[in-house]
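**Q** got a sequence here, can you model it:
(one chain, ligands or ions: 1)
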Amino acid sequence: MTDDLRADKGVLEEPPAQDDVADALLVVDGLAKTYPLPGGGRLTAAEDVSFRVAPGGSVGIVGESGSGKTTVARMIVGLVRPDSGTVTVGGRPRAARTPRRRSARLARAREIQMVFQDPYLSLDPRLTAGQCLRTALRLHGRDEALAVELLERVGLGGREAEARPRQLSGGQRQRLAIARALAVEPQVLVLDEAVAALDVSVQAQILELLDGIRRDTGVALVFVSHDLAVVQHITDEVLVMRRGRVVERGPTRRVLTDPADPYTRLLLASVPGDGWDPDDAVAARAALA
Ligand SMILES: Nc1ncnc2c1ncn2[C@@H]1O[C@H](COP(=O)(O)OP(=O)(O)OP(=O)(O)O)[C@@H](O)[C@H]1O
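**A** Model (predicted):
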């Protein structure tokens with residue numbers, strides 16, 4: 001999409017820090033998805049969503065429930081097929097379908113890994129943490145002994161290595177899910193509300209962990225969250241989504257301290273803090289609708 005078109009669509013476009021396509025690791029271009037509505041017509045879950053992330057970069061996607069964040073995350077990973085748009089990792093366009101050949105499937109998994117809100121659903125309940133990591137390492141032709149290093153990397157010790165997912169705390173399970181994703185050595189990690197279910201102190205530990213990992217490994221992060229405070233800590237740039245469209249984007253600090261779009265202002269006004277009045281937040285929403 002050209003800048004003129006973007007301006008026509010009312011999307012505020014600041015030159016992102018990672019503006020050079022050649023430097024971008026992940027290029028998301030014009031992703032769109034609609035779903036049929038029960039009474040006819042179609043719901044726009046995502047419309048013309050484009051952004052780029054450099055190696056070691058971190059982009060946040062924020063918005064309220066139903067704004068289209070998960071749809072975008074799932075299209076990037078390949079769990080939802082876009083109506084249009086492309087996803088390119090390291091200069092290679094991702095195929096629309098999961099390839100049949102095993103080697104191609106593994107190569108695709110090494111491009112992008114995803115961490116979900118509830119790691120229970122993605123972890124095999126029968127495997128201990130150590131077995132889980134060794135299985136992933138073996139599958140990708142890596143040395144199984146690296147499991148110890150990975151556990152250490154995410155702050156899990158020998159006791160946790162022998163535990164199955166149900167014997168771990170929510171924070172430990174999420175650490176394991178991150179370690180398993182890293183076992184694949186992905187270029188991009190997409191995290192969908194990955195810390196939403198954790199209490200604030202555990203959230204902080206996981207965010208710190210992710211920040212260290214992206215600095216050390218150069219993995220690019222796409223961080224989907226409804227929580228502006230979370231995004232503030234982990235991302236360089238942020239996209240604000242409303243009703244499937246990106247209504248604002250820019251450096252995270254700027255967007256969160258000096259928002260240009262009324263919807264971003266509303267999101268910020270909705271966060272409880274000093275002098276916060278729920279009536280004001282409700283009134284602001286009514287004015288925007
Ligand atoms: N498989 C589907 N079929 C029909 N509609 C869907 C489907 N998946 C999502 N939607 C709709 O698309 C819109 C965007 O949903 P999405 O889950 O992407 O939003 P979200 O911002 O991630 O919300 P949340 O934070 O609640 O997960 C919503 O209106 C949702 O009801």
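
**Q** I'd guessed Val53 sits against Gly218; true?
**A** No. At 11.2 Å, Val53 does not count as touching Gly218 under the criterion of CB atoms under 8 Å. From N, CA and C alone the C-beta is placed, and that goes for glycine too.

**Q** among the two, which residue is more densely surrounded?
**A** In this view Val53 and Gly218 are compared by other CB atoms under 10 Å, and Val53 has more residues nearby, 26 against 13.

**Q** which residues touch that one?
**A** Residues in contact with Val53 (CB atoms under 8 Å, 6 or more residues apart in numbering) are Gln18, Ala24, Leu25, Leu26, Val59, Val188, Ala220, Leu221, Val222.

**Q** what subset of those is buried?
**A** Gln18, Ala24, Leu25, Leu26, Val59, Val188, Ala220, Leu221, Val222 (16 or more other CB atoms under 10 Å).

**Q** what's the distance between the third one and Arg245?
**A** Separation of Leu25 from Arg245 (CB to CB, to the nearest Å) stands at 25 Å.

**Q** how about the helices of the protein, start to end?
**A** 3-8, 69-77, 102-111, 129-139, 146-153, 158-161, 170-183, 200-217, 228-234, 252-257, 262-269, 278-288 (DSSP state H).

**Q** point me to the residue of the stretch 151-289 of the chain nearest the ligand.
**A** His226 (5.3 Å; CB to the nearest ligand atom).

**Q** quick one: that residue and Glu193 touch, right?
**A** Yes. Between His226 and Glu193 a contact is recorded at 7.0 Å, counting by CB under 8 Å.

**Q** comparing the two, which residue is more hemmed in?
**A** Applying other CB under 10 Å to His226 and Glu193 shows that Glu193 carries more neighbours, namely 19 against 16.

**Q** can you name the residues that contact the more buried one?
**A** Thr70, Phe116, Gln117, Val224, Ser225, His226.

**Q** list the contacts for the second one?
**A** Phe116 makes contact with Ser122, Ala177, Asp192, Glu193, Ala194, according to CB under 8 Å, 6+ apart.

**Q** who wins on neighbours among those residues?
**A** Ala194 (29 neighbours).

**Q** tell me what the nearest residue to that residue once chain neighbours are set aside is bridged to.
**A** Excluding its sequence neighbours, the residue lying closest to Ala194 (CB to CB, 6 or more residues apart in numbering) is Val115, at 4.7 Å. Here Val115 sits in beta bridges with Leu191, as judged by DSSP bridges.

**Q** so Val115 sits against Pro186, correct?
**A** No. The pair Val115 / Pro186 is not scored as a contact, 10.3 Å apart, by CB under 8 Å.
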